[in-house]
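S.K.: just need the structure, nothing else, for what follows:
(one chain, ligands or ions: 1)
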Amino acid sequence: MFGDISAKAAYQLSLPEVSDFFSKLIQRVAPKSYQQALGEVYVTQKFLENFCGDQVRFLARSFAVPGNHLGQQSHGFRWPYGPVAIITPFNFPLEIPLLQLMGALYMGNKPVVKVDSKVCIVMEQMIRLLHDCGLPMEDVDFINSDGNTMNKLLKEAEPRMTLFTGSSRVADKLAVDLKGRIKLEDAGFDWKILGPDVQEVDYVAWVCDQDAYACSGQKCSAQSILFMHENWTKTPLLRKMADLAARRKLDDLTVGPVLTFTTEAMLGHMNKLLQISGSKLLFGGEALENHNIPAIYGAIKPTAVFIPLEEILKDNNYELVTKEIFGPFQIVTEYKHNQLPLVLKALEKMNAHLTAAVVSNDPLFLQEVIGKTVNGTTYAGLRARTTGAPQNHWFGPAGDPRGAGIGTPEAIKLVWSCHREIIYDHGPLPQKWEIPTAT
Ligand SMILES: NC(=O)c1ccc[n+]([C@@H]2O[C@H](COP(=O)([O-])OP(=O)(O)OC[C@H]3O[C@@H](n4cnc5c(N)ncnc54)[C@H](O)[C@@H]3O)[C@@H](O)[C@H]2O)c1
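M.R.: Below is the predicted model of the structure:
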């Protein structure tokens, strides 16, 4: 049934008038350009295409192992949890809730879905579309509420599993409230390292701009810190990044409102960083002008602050420098050829290991960095990026037993089912079996 529903919904989203409707609806509530919103709809549609036909059935593929005697065999099954909950943030109003919702349903659960109330109209419309494509009314509960109300609902209803996507602050609270029955996709302080082999400066500068500033930096995978090998400092990379950032404008939402930090809070954070010895503002650092964005939101130009590597590592600076600013804001630093161990030390101290990029085509350099880090979604190679959560690869943190994933069959099976083993033992008993002596 879910193969058929997915096929119909994927077809609907492939119609230009439907994808345009959802792209514009996303834009009404989440500040991103049309192209970024359309990208979200596209990933959602491709995901649904991936689970047409018998692909949902194959997700629950079981295995059997022969037993010790005739009639005995063990079967390993993917088993649903039953009643489950899904909580998702404001920044991807369609992709995150839809992919997690379908994963929960594919594996046989009964989900209650709560999307951030600022943006939940998008998912409300999508659920109506799913109903039209054959989703039974009673299969999904959809609630619009604030966080506290949802917290109360979870404590009283005690779902067997909750998937939470959002900030680490709420994630840690829910982990306690729900006694650990939770999987998390939480904050990202995502890093990119430019290796010693300098190539394609224009391309790398453009990827840095997209990673740090698309959706005004409000992707959990946004580039938060850039470690440049000294060879890159000798190139026009930083100037090119500044030029690309300067192209962004409010008119087309290539830069726009920040929903969870005010202008004051972001510039205040920047000023604290600028007190660190040797730090400097590379570009940005000013409020956006000529707009009517309410003061409860933030509006700043794409900003980059340089901090010397040695200063980042100091205990009294580290926490400040590695604070996730969910807006168009990044830290840039430089390392000398013998300072890679210091870079790795800085990465090791981080506690949110979501996405990462190692920009190099030197296999030994790649091995060194990948072997000593743990981020769940790590891009490696000249074209490496930190953002990009298409449906065709795993997206999620690593190094945390509570870590969830999104998108792929592995993510769906891990998050939305548990392992159950049934050992069939039908007999027959051996001929002339007798009760043995006590053991
Ligand atoms: N790892 C990922 O895949 C991923 C994806 C997107 C966003 N994020 C993270 O999300 C954060 C930004 O999103 P946000 O500001 O909407 O996050 P948030 O934690 O404030 O809110 C997320 C969701 O939780 C709900 N909520 C808040 N308090 C709650 C409570 N006590 N009980 C139950 N639900 C509660 C909110 O209403 C919302 O629906 C960033 O830190 C970002 O890195 C992570």
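
S.K.: skipping adjacent residues, who's closest to residue 426 in space?
M.R.: residue 71 (4.1 Å; CB to CB, 6 or more residues apart in numbering). Where C-beta positions appear, they are placed from N, C-alpha and C, glycine not excepted.

S.K.: got a list of what residue 228 touches?
M.R.: 194, 237, 332-335 (CB atoms under 8 Å, 6 or more residues apart in numbering).

S.K.: sorry, wrong one. I was asking about residue 296.
M.R.: residue 262.

S.K.: now it, what's its secondary structure?
M.R.: coil (DSSP: H, G, I helix; E, B strand; the rest coil).

S.K.: how many neighbouring residues does the residue nearest to residue 426 have?
M.R.: 11 (other CB atoms under 10 Å).

S.K.: again with residue 204
M.R.: 24.

S.K.: so it touches residue 359, yeah?
M.R.: Yes. Taking contacts as CB atoms under 8 Å, residue 204 lies within contact range of residue 359: 6.0 Å.

S.K.: between the two, what contacts are shared?
M.R.: 194, 382.

S.K.: so what are the domain limits for the chain?
M.R.: According to automatic domain parsing, the chain is divided into the following domains: 2-59+81-187+397-416, 190-380.

S.K.: possible to save those as JSON lines with distance to the ligand and mean pLDDT?
M.R.: JSON lines is the format used below for these (distance: least, CB to the nearest ligand atom, whole Å; pLDDT from 0 to 100):
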{"stretch": "domain 2-59+81-187+397-416", "distance to the ligand": "2", "mean pLDDT": "97"}
{"stretch": "domain 190-380", "distance to the ligand": "3", "mean pLDDT": "97"}
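
S.K.: I'd like those laid out as a markdown table, including distance to residue 436.
M.R.: Output for the domains of the chain, formatted as a markdown table (distance: least, CB to CB, whole Å):
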| stretch | distance to residue 436 |
| --- | --- |
| domain 2-59+81-187+397-416 | 40 |
| domain 190-380 | 51 |
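
S.K.: need the contact list for residue 299.
M.R.: Residue 299 neighbours (CB under 8 Å, 6+ apart): 250, 256-258, 263, 287-288, 291, 293.

S.K.: how near is it to residue 31?
M.R.: Plainly put, residue 299 is 10 Å away from residue 31 if you go by CB to CB, to the nearest Å.

S.K.: give me the common contacts of the two.
M.R.: Common neighbours of residue 299 and residue 31, counting by CB under 8 Å, 6+ apart, are 256-258.

S.K.: neighbour count and distance to residue 275 for the residues you listed - can I get that in TSV?
M.R.: Putting those into TSV (neighbours: other CB atoms under 10 Å; distance: CB to CB, whole Å) gives the following:
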residue	neighbour count	distance to residue 275
256	26	29
257	20	27
258	25	23
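
S.K.: which one of these is nearest residue 391?
M.R.: residue 256 (25.4 Å; CB to CB).

S.K.: wouldn't that closest one be in contact with residue 250 here?
M.R.: Yes. Here residue 256 reaches residue 250: they are 6.0 Å apart, a contact under CB under 8 Å.

S.K.: show me what the longest helix along the chain is packed up against.
M.R.: The residue-count maximum for a helix in the chain (DSSP state H) belongs to helix 34-50. Here helix 34-50 touches helix 2-14, helix 16-29, helix 95-106, going by 3 or more CB pairs under 8 Å, 6 or more residues apart in numbering; DSSP states H and E.

S.K.: that one: which residues count as buried?
M.R.: 36-49 (16 or more other CB atoms under 10 Å).

S.K.: farthest pair within these?
M.R.: Of all pairs drawn from those, the greatest distance, 20.7 Å, lies between 36 and 49 (CB to CB).

S.K.: pull the residues that contact stretch 413-431.
M.R.: Applying CB under 8 Å, 6+ apart, the external contacts of stretch 413-431 come out as 59-60, 67, 69-81, 84, 100, 103-104, 106-109, 161, 163, 183, 404-406.

S.K.: distance from it to the middle of the chain?
M.R.: 34 Å (CA atoms, centre = their mean, to the nearest Å).

S.K.: for residue 230, grab the count of nearby residues.
M.R.: Neighbours around residue 230, by other CB under 10 Å: 13.

S.K.: isn't it up against residue 335?
M.R.: Yes. Look at residue 230 against residue 335 with CB under 8 Å: they come within range, at 6.9 Å.

S.K.: and residue 126, what does it touch?
M.R.: Going by CB under 8 Å, 6+ apart, residue 126 touches 22, 94, 97-98.

S.K.: 10 Å - rerun?
M.R.: Residue 126 makes contact with 9, 12-13, 22, 25, 41, 44, 93-94, 97-98, 101, 115, 142, according to CB atoms under 10 Å, 6 or more residues apart in numbering.

S.K.: surely residue 168 is in contact with residue 186?
M.R.: Yes. Residue 168 is within contact range of residue 186, at 4.4 Å (criterion: CB atoms under 10 Å).

S.K.: helices of the stretch 151-300 of the chain, residue ranges please.
M.R.: Here the stretch 151-300 of the chain has its helices, by DSSP state H, counting those that start in this stretch, at 168-177, 201-213, 230-233, 237-246, 263-273.

S.K.: quick revisit: let's see which of the contacts of residue 228 end up in strands.
M.R.: Judged by DSSP state E, those include 194, 332-335 as members of strands.

S.K.: let's have those residues in TSV, adding neighbour count and distance to residue 148.
M.R.: Output for the ones in strands among the contacts of residue 228, formatted as TSV (neighbours: other CB under 10 Å; distance: CB to CB, whole Å):
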residue	neighbour count	distance to residue 148
194	25	43
332	22	38
333	22	39
334	19	44
335	24	44
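
S.K.: could you confirm residue 350 falls within a helix?
M.R.: No. Checked against three-state DSSP, residue 350 lies outside a helix; its state is coil.
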